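>>> Need a 3D model of the following:
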Amino acid sequence: MAMRRVVMEANYNPRVPTHPRRIDLIGVPLDLGAGRRGVDMGPSAIRIAGLSARITGLGHTVVDRGDVPVPIPETIPVTGERQRYIAEIAAVCRTLAELTFDAVSSERTPVCIGGDHSLAAGSVAGAARALRARGAELALIWVDAHADMNTPETSPSGNVHGMPLAACLGQGPEELVRIGGGASVRPENVVLIGIRDIDAREGDLVRKSGIQAFTMSDIDRRGIGPILAEVLAGLVRRTGGIHLSVDMDGLDPELVPGVGTPVLGGLSYREAHLLCEMVAETGKLVSLDLVELNPILDVRNHSAEVGAGLILSALGQRIL
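Purely as a prediction, here's the structure:
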């Protein structure tokens, strides 16, 4: 795989956090939003990678809150072809929103491990509500091969894991939008990074949304460092905290085979870690998702190990 040159802007002066955090580890074995089974085992795979002990090794305190209850797809009927299992997904997201709201309100950092990406409609809603109670707004960095901005009207599959960013922006599905009481985040405070596989109608939604979207072509041309230096400066200035939502398919599948919707040409190992490191250096991370890990497709839990490493970088692990 070709290596891309990473160049840092000279005027980027990060503020490195030094204080230990209180971490809430929340498993979300949600397997209702995806079209391919297996991501419900993602939380277990990440835990097996030793995540709690490794976070503790950074000086943080970790409390594992266990898993949010999620129904098994084979035991329930499909509720609607345009937004499959929407009632059950919304119920899971409401529970998760309460957990992330409680954590962020108490100055703990929720780390949500999934599970499919539809869970972010809940985690983002809860974190945003906690910041609004302080009179601040939430920034959202969404790392993904896909835009996840379909609505029930535009989705070719009806799989809700292709819709959570639309829900965070207040565009649908309505059952998920209601969790945040409307839009959880403002478009100007949303950054989408790593996209390279967009549905035809979804592309129009992205262009008209007002969010900042960076394709892999943008990253190839400019480098991940300068892009992040630019966007993080604005987000830190405008908002009270950052939610980082990492879909494992944002990385190249040659690096992480354990994903259900792989797309060639994704972020490299160092690009992904640099992204997480630069978010950590702002001192503004308030909540985190790592989603779409499918152990059925993985090789000796390698993708889970990579995912755990990204979480550590986001929580302040440094090379020196």
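
>>> helices and strands of this protein: which one has the lowest mean pLDDT?
Lowest mean confidence among the helices and strands of the chain (mean pLDDT, DSSP states H and E): helix 200-209, at a mean of 92.

>>> List the buried residues of that helix.
Going by neighbour count (16 or more other CB atoms under 10 Å), the buried part of helix 200-209 is 202, 205, 206, 209. The way it works is simple: take the backbone N, C-alpha and C, and place the C-beta from them, glycine included.

>>> could you say what helices and strands it packs with?
Applying 3 or more CB pairs under 8 Å, 6 or more residues apart in numbering; DSSP states H and E, one finds that helix 200-209 contacts strand 190-195.

>>> distance between the strand it packs on and the chain's centre?
Taking CA atoms, centre = their mean, to the nearest Å, the mean C-alpha location of strand 190-195 is offset from the chain mean by 10 Å.

>>> where exactly do the helices run in the chain?
Counting by DSSP state H, one finds helices in the chain at the ranges 42-48, 51-56, 86-105, 120-132, 164-168, 174-177, 200-209, 216-222, 224-238, 269-282, 302-314.

>>> Next, the angle helix 86-105 makes with the fourth one.
Per axes from the mean of the first three to the mean of the last three CA atoms, to 10 degrees, the angle that helix 120-132 makes with helix 86-105 is 30 degrees.

>>> tell me the angle of helix 120-132 relative to strand 190-195?
150 degrees.

>>> same question, the third one
Helix 86-105 runs at 120 degrees relative to strand 190-195, counting by the same axes, to 10 degrees.

>>> list the contacts for the most centrally placed residue in the chain?
Closest residue to the average C-alpha location of the chain: residue 245 at 1.5 Å, with CA atoms, centre = their mean. By CB atoms under 8 Å, 6 or more residues apart in numbering, residue 245 lies in contact with 117, 120, 123, 124, 140, 141, 142, 143, 144, 288, 289, 291.

>>> got those residues as JSON lines, with distance to residue 36 and pLDDT columns?
JSON lines is the format used below for the contacts of residue 245 (distance: CB to CB, whole Å; pLDDT from 0 to 100):
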{"residue": "117", "distance to residue 36": "13", "pLDDT": "98"}
{"residue": "120", "distance to residue 36": "18", "pLDDT": "98"}
{"residue": "123", "distance to residue 36": "22", "pLDDT": "98"}
{"residue": "124", "distance to residue 36": "23", "pLDDT": "98"}
{"residue": "140", "distance to residue 36": "25", "pLDDT": "98"}
{"residue": "141", "distance to residue 36": "25", "pLDDT": "98"}
{"residue": "142", "distance to residue 36": "21", "pLDDT": "98"}
{"residue": "143", "distance to residue 36": "20", "pLDDT": "98"}
{"residue": "144", "distance to residue 36": "16", "pLDDT": "98"}
{"residue": "288", "distance to residue 36": "24", "pLDDT": "98"}
{"residue": "289", "distance to residue 36": "19", "pLDDT": "98"}
{"residue": "291", "distance to residue 36": "14", "pLDDT": "98"}
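
>>> any low-confidence regions in the chain?
1-18 (pLDDT under 70).

>>> between the contacts of residue 245, which is nearest residue 249?
Closest to residue 249 out of the contacts of residue 245 is residue 144 (6.9 Å), distances taken as CB to CB.

>>> For the closest one, which non-adjacent residue is spatially closest?
Setting aside the residues directly before and after it, residue 144 is nearest to residue 247 in space (CB to CB, 6 or more residues apart in numbering), at 4.1 Å.

>>> Please name the bridge partners of the one you found.
Counting by DSSP bridges, residue 247 is bridged to residue 291.

>>> Hmm, it is touching residue 293, no?
No - using CB atoms under 8 Å as the test, residue 247 is too far from residue 293 to be in contact (9.4 Å).

>>> Mutual contacts of the two, please.
Counting by CB under 8 Å, 6+ apart, the residues touching both residue 247 and residue 293 are residue 259.

>>> More neighbours: which of the two?
Under the criterion of other CB atoms under 10 Å, the comparison of residue 247 against residue 293 puts residue 293 first, with 33 against 27.

>>> before we move on, the earlier item: tilt between the least confident helix or strand of the chain and strand 190-195?
Using the same axes, to 10 degrees, the direction of helix 200-209 lies 140 degrees away from that of strand 190-195.

>>> got a list of contacts for helix 200-209?
Outside helix 200-209, the residues within contact range by CB under 8 Å, 6+ apart are 147, 149-151, 154, 162, 166, 169, 171, 187, 190, 192, 195, 198, 213.

>>> 6 Å - rerun?
Here helix 200-209 makes contact (CB atoms under 6 Å, 6 or more residues apart in numbering) with 147, 149, 150, 154, 187, 213.

>>> which of those residues tops the neighbour count?
Using other CB under 10 Å as the neighbour criterion, residue 149 leads these with 33 neighbours.

>>> ok, the closest residue to residue 114 other than its chain neighbours - how many residues close by?
Closest residue to residue 114 apart from its sequence neighbours, by CB to CB, 6+ apart: residue 291 at 3.8 Å. When neighbours are defined as other CB under 10 Å, residue 291 has 32 of them.

>>> Great, nothing more from me.
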